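>>> What follows is a protein structure lacking sequence information:
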Ligand SMILES: Cc1cc2nc3c(=O)[nH]c(=O)nc-3n(C[C@H](O)[C@H](O)[C@H](O)COP(=O)(O)OP(=O)(O)OC[C@H]3O[C@@H](n4cnc5c(N)ncnc54)[C@H](O)[C@@H]3O)c2cc1C
């Protein structure tokens, strides 16, 4: 008997699992252009199967959890390592405290099986317009740290995405972590709309981070997923929300601006018109939820 | 006759699912788990065009791909290239033209799947594209591209009862509407697969299938006289739902052709994408329907025309249409009925058999319109249905007077009570952005092959060591049917279920019991097995009576023994009794045959089936009116299927049917653009997850019937039939207006709400 495969097997490649960052960059060097990075593999395996990539070597980050994993807070910054899985993020108390929207999004990714291996770094690096972790990070004003042989650089998360499936990583660079300002008094929320309740691409997702003082929103950020070539910060609506009264009327106004800023396409998953409408509905709902959670009547 | 009363209902499943443990442990060997080292891989060259002439097939480059052993085209077929269940219109390999995107053109046979894949890319087919037609309405217009030599009409059927014109005129009001239904994909876990082994004068094929004897017939057609004997063995099969009713005819024939040409074992198995492109789906249908109602809430007439898109080949379109047409009026007393149905060829993927077989579509149109009429009457839809519902003695809309059990009314009454219908049914529009609604739908399901004669043969044999072996061509493909058979036999012979086994269907070993379709296996196969087992029991009783000295009529079989009724002293163990029979050289093998004669059907009316099953479902939904998302929050399914042989299996059929029906109602829709399927994989073809299915309350109404074994009727399909309609009516109740097209995806529901708002 021989094992049966529907498709011809994925063309063979070298496999390396470096133990140190030095070895990692060595491995990149050794394979010139033809390598792919693997973390959880939940996107990469699909790409390999579809022959969207055909690497000479696959470099596995799994032995670098010490350097690239972990979740901690110091000096007012919540750092989430690129190798943190959605299961870890979902159940981490620091994330719950400082980045609730990210926790909510993490808890909704795929299925239990996917969440237990899929990583935050992989979600960002894939750069899908629908990446569920992106709107919470953008709303929270997070930045992403990219690490290369010759050092590291930091970018706001929204600038990391440069197009559908395109990001700012240079060849030989990796995502090493995400830094989220760990401000007290900032609350953040996330929601999405989808055709079914689990294991499904978001039709639209929205995240908002804001503080509320004396019945008014402080600095506020509204971020949108699946409605533009990349996840985006809705700048006009964020500006309008900042400093506005925490009321239902303002929620409508901010949500309408967000819908205007959305630039969705029509495809078999949804029409542009419907996606814009969803941005309005979900944004308004999130703001009303924040208002009611802040105890404002 | 023996004294033991066999008609007593069997209440509880004492037999656990035979295949459960093995499947849970991953030990089941499906077709592709049996690939031997020397097996060749077969891949199909498929048409990229919806409609085109084949000018030339050049396989010279493909033949030179390392590892490619042979390319097969229509010319290599020793027998006939044309197969099909109703009409033999589908070429195994197209030679003159292709009729849909995915049509089979050639086979690449290679040592490895890699070589086969490369070979497929190297087969150069020179096509001349033809104008194509994708809309069933366009297909019949003069000047439409002609897909088959005889034109684009596949079949017409009609029902006539009374005078519908007159009935509509006499009505106090008439409700009218156009209802449309989507294409549903069977989405079984295991995609199609067949493994063929050539023998010196025969061909053996192991495959995933519902109907080994149909495959045998198709294969004999394709191989013709070249192979004197073909033998089909059904491998454990991971789901079918009708999709494996006729598709395996082709898959197995292709594997066999490859094996015959190369004289080596050959495997053909489909990826998910190929499976989606290839096998027949649930027909999309459009119903133009009008129903006349009197002010006291009686239906006076139904007039409807149905148009079905059958896709590129006939498959079972003609049969599916017949079922849709004959159930389109619904399970109600309607004196005047006029239904016309048409199914046409288009250049879309073929449509065919799928659990429910035309009834989920017909029920959607009929049941939604029932609620629209109830609204006009200002009457509760449950009340309106009760006024018109079929009862024992009623004349069905097909003209048949129902004489057997009709448990529809009890289903309705109990579903209404258990779902708290009267408390929950909303009469005015709801407040707020999330609105709740509750809806009801009924279904009627005729027993056995619809409008055809039906028969099943099975055998039961007792071995020298007292094992009982059941042989039937009816296949297990996830329903649990073989467990049901064990149940029946162990009940008749009074043995423990462990003694009884069911042989995996193999056409050289088992009798032809007809196809495993149409919810007929328990009824027809079960009855044939029951008859065979009763003959055996008669023989055993005779011997036991001599051993125990009491008349055979009072021998009781239970607990693996035979004893005389009313006496505690003498008993004989089953094995001892069997040994005695063997000593006497008695033949302990019996066959049973159960026949339903050709139904009477003429001039649009007749008697379709001696017996029917019924169901009433109640769905409760919450509609998010801003996003359009429909959440099904409660579900009640009441079924009358005669006597229940196994409660666990009965309920799991209903629950599975409802879950699949919720997918159909809420999210499943194969999207085609210019004949190209846009959502072939589960990324975009959404089926429900556990998170989308609420707790399903099942209600069993037992109304024993004298047709099937112990009075059982079929249950495999009824569970899916009324679901889209029940959900549709619940959404109607929540929103205050009907949406006559589904699935009720968030965007479609939102669009309907928006359109309604812009109109008012
Ligand atoms: C069934 C299923 C359901 C899914 N559901 C969702 C969902 O609900 N929401 C959602 O957003 N996504 C979903 N996904 C997509 C996927 O799971 C996520 O994008 C996931 O976060 C990817 O992480 P990974 O660790 O598996 O990445 P991998 O597959 O290992 O890598 C993904 C890509 O990123 C690169 N990469 C990985 N790590 C790094 C790094 N540290 N630095 C640089 N490059 C890197 C890889 O080279 C590759 O190109 C789903 C996928 C599947 C298969």
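Alright, I've got the coordinates. All figures in this text were calculated on a predicted structure; none of them were measured in a lab.
>>> which bits of the stretch 551-700 of chain B sit near chain A?
Neighbours of chain A within the stretch 551-700 of chain B, by Cβ under 8 Å from any Cβ of the partner chain: B:626-627, B:629, B:666-667, B:671, B:678-679, B:683-684, B:686, B:688-692. Backbone N, C-alpha and C define where each C-beta goes, glycine included.
>>> Among these, which ones are in helices?
Applying DSSP state H to these, the entries found in helices are residue B:666.
>>> Pull out the buried residues from the residues of the stretch 551-700 of chain B next to chain A.
Buried residues within those, counting neighbours by 16 or more other Cβ atoms under 10 Å in any protein chain shown: B:626-627, B:629, B:666-667, B:679, B:684, B:686, B:688, B:692.
>>> Flag the shaky bits of the chain, pLDDT-wise.
You didn't say which chain, so I picked chain A. In the predicted model of chain A, residues A:1, A:6, A:33 satisfy pLDDT under 70.
>>> my question was about chain B
Residues of chain B that meet the cut-off, pLDDT under 70, sit at B:1-14.
>>> For chain A, what's its nearest residue on the stretch 151-300 of chain B.
At 4.4 Å from chain A, residue B:271 is the closest residue in the stretch 151-300 of chain B, using Cβ to the nearest Cβ.
>>> quick one on the thing from earlier: farthest-separated two in the buried ones among the residues of the stretch 551-700 of chain B next to chain A?
Farthest apart among those by Cβ to Cβ are B:626 and B:679. That separation is 25.6 Å.
>>> Leaving out the residues flanking it, which one is nearest to residue B:749?
Once flanking residues are discounted, residue B:749 sits nearest to residue B:628: 3.7 Å by Cβ to Cβ, 6 or more residues apart in numbering or on different chains.
>>> and the one you found, how many neighbours?
24 (other Cβ atoms under 10 Å in any protein chain shown).
>>> I'd say it and residue B:743 touch.
No. Residue B:628 is beyond contact range of residue B:743, at 11.6 Å (criterion: Cβ atoms under 8 Å).
>>> and the chain, what are its domains?
You didn't say which chain, so I picked chain A. Under the assignment named as automatic domain parsing, the residue ranges that make up the domains of chain A are A:3-64, A:65-181, A:187-293.
>>> my bad, the chain I had in mind was chain B
Following automatic domain parsing, one gets these domains for chain B: B:34-130+B:192-269, B:285-450+B:602-759, B:455-595.
>>> The ones you listed into CSV, with extra columns for distance to residue A:258?
Listed next are the domains of chain B as CSV, based on distance: least, Cβ to Cβ, whole Å:
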stretch, distance to residue A:258
domain B:34-130+B:192-269, 40
domain B:285-450+B:602-759, 15
domain B:455-595, 47
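>>> Can you give me the buried ones in stretch A:162-178?
For stretch A:162-178, a neighbour-count test (16+ other Cβ under 10 Å) marks A:165, A:167, A:169, A:173-178 as buried.
>>> Can you get me a residue count around the closest residue to residue B:72 other than its chain neighbours?
Nearest residue to residue B:72 in three dimensions, chain neighbours excluded: residue B:107, at 4.2 Å (Cβ to Cβ, 6+ apart). For residue B:107, the count of nearby residues is 28 (other Cβ under 10 Å).
>>> Check what contacts the helix or strand encompassing residue B:107 and list those residues.
Assigned by DSSP states H and E, residue B:107 falls within strand B:104-110. By Cβ atoms under 8 Å, 6 or more residues apart in numbering or on different chains, the residues outside strand B:104-110 that reach it are B:40-47, B:54, B:57, B:59, B:62, B:65, B:67-73, B:91-94, B:98, B:116, B:119-120, B:123, B:125, B:250, B:254, B:257-258, B:261-262, B:266, B:268, B:278.
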